[in-house]
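1. Give the three-dimensional model of this entry:
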Amino acid sequence: MVRRMFIPLAAAWLVLSLAPPAQAAQSEVYVALGDSAASGPLVPNQIGPDYGCWRSDHNYAHLTAQSIGAATFRDVTCSGAQTDDMYTSQGTDLGDVAPQLDALSQDTTLVTVQIGANDVGLTGFIEDCLNLLPPPVGDACNDDYNAGGQDQWRVATDALRARMTTLISDIHARAPQARVFVVGYATYAPPNGCYPRVPIIRADANYIRATLMYFNQMLAEQASAAGVGFIDLQTPSASHSPCTGPGTRWIEPYVPAAPAAPFHPNALGMRGFATAVTAAVTGVL
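-> Residues are numbered from 1 along each chain as shown. Okay, the predicted model is just below:
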């Protein structure tokens, strides 16, 4: 979900158990669109040909495609992607990649799209809230985004509504047979945070939490208004935030203990997300 890379549950059998009817498995043409929350930077194994996208063959889209037995699967998710990159080529550290919407076709039957966080700079915002020293020595970052009594992130989120509606319409135009699912973002901070394990003070952790909840609500509302599905990742990841320990958390903290970019899904998280995505796209809820 980063414009600049940070270097930077379900068990796997449950994912594989969520199989659709045989007819769907034989005919599904699945295209995955999105940013690094979907691509899986540093999660083994990183694959090409677009290595600058930091795309894993164990991200939730790959696991979902395997689970449903998709006849054709195209994953064009890319770290750093914004909504503009759906339409125009995206520059990466290792070269330009094609517009993501180019992966759609008349025979596409399933699309997942997880996008928007980079448009409003949410990951940079989380990075800004790193606070090695609590107040009064350190400063609360949320004050910086509420100057003048207006929440900068809510304004930016609301400004993205029309663009999300247009994007969904454009996906339908290129893939008229497709079932489309907008995918939300995970839980990045539990109530009150867990300072100092994750060095974000309580007020900032609650602000991050509220900001992401509002952002996910916007995505869900735009999906509903456009008549497409919304896949909630916030709820299933609530007990797997960066504040939980290795082997439990789905999102890595500032200093990852598993192969993943900071504040991005690890392999365990991708398996958990694949369970939610597979259940949604197959109707097994």
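
2. from memory Asp57 sits against Ala32, does it?
-> No - counting by Cβ atoms under 8 Å, Asp57 sits too far from Ala32 to count as a contact (12.0 Å). Just so you know, the C-beta spots here come from the backbone N, C-alpha and C atoms, and that holds for glycine as well.

3. Next, count neighbours for Ala38.
-> 30 (other Cβ atoms under 10 Å).

4. residue contacts, it?
-> 32, 59-61, 77, 112, 114, 183 (Cβ atoms under 8 Å, 6 or more residues apart in numbering).

5. Now, those that are in helices?
-> With helices taken from DSSP state H, the overlap with those comprises 60-61.

6. okay, the contacts of Ala38 in CSV with pLDDT, neighbour count and distance to Asp50 next?
-> Formatted as CSV, the contacts of Ala38 follow (pLDDT from 0 to 100; neighbours: other Cβ atoms under 10 Å; distance: Cβ to Cβ, whole Å):
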residue, pLDDT, neighbour count, distance to Asp50
Ala32, 99, 27, 13
Asn59, 98, 28, 13
Tyr60, 98, 33, 18
Ala61, 98, 32, 14
Thr77, 98, 30, 10
Thr112, 98, 26, 18
Gln114, 99, 28, 17
Val183, 98, 28, 20
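
7. from the contacts of Ala38, which single one is nearest Gly283?
-> Distance ranking of the contacts of Ala38 against Gly283, using Cβ to Cβ, places Thr112 first at 14.7 Å.

8. tell me the contacts of the closest one?
-> By Cβ under 8 Å, 6+ apart, the residues touching Thr112 are 30-34, 38, 61, 64, 181, 183, 231, 277, 281.

9. quick check: mean pLDDT across the helix ranked longest in the chain?
-> For the chain, the helix that runs over the most residues, judged by DSSP H, is helix 202-226. In this model, helix 202-226 has an average pLDDT of 96.

10. Which elements pack onto it?
-> Under the contact criterion of 3 or more Cβ pairs under 8 Å, 6 or more residues apart in numbering; DSSP states H and E, helix 202-226 touches helix 122-128, helix 152-159, helix 161-174, strand 179-183, strand 229-231.

11. List the buried residues for it?
-> 202-209, 211-212, 215-216, 218-220, 222-223, 226 (16 or more other Cβ atoms under 10 Å).

12. Then stretch 175-194?
-> 175, 178-190, 193-194.

13. Specify which member of those is nearest to Gln90.
-> For the buried residues of stretch 175-194, the nearest to Gln90 is Val183 (18.7 Å; Cβ to Cβ).

14. Ala117 is in contact with that closest one, correct?
-> No - counting by Cβ under 8 Å, Val183 stays clear of Ala117, with 11.1 Å between them.

15. Where does pLDDT dip in the stretch 51-200 of the chain?
-> 135-138 (pLDDT under 70).

16. at 80 instead, please
-> 133-139, 147-149 (pLDDT under 80).
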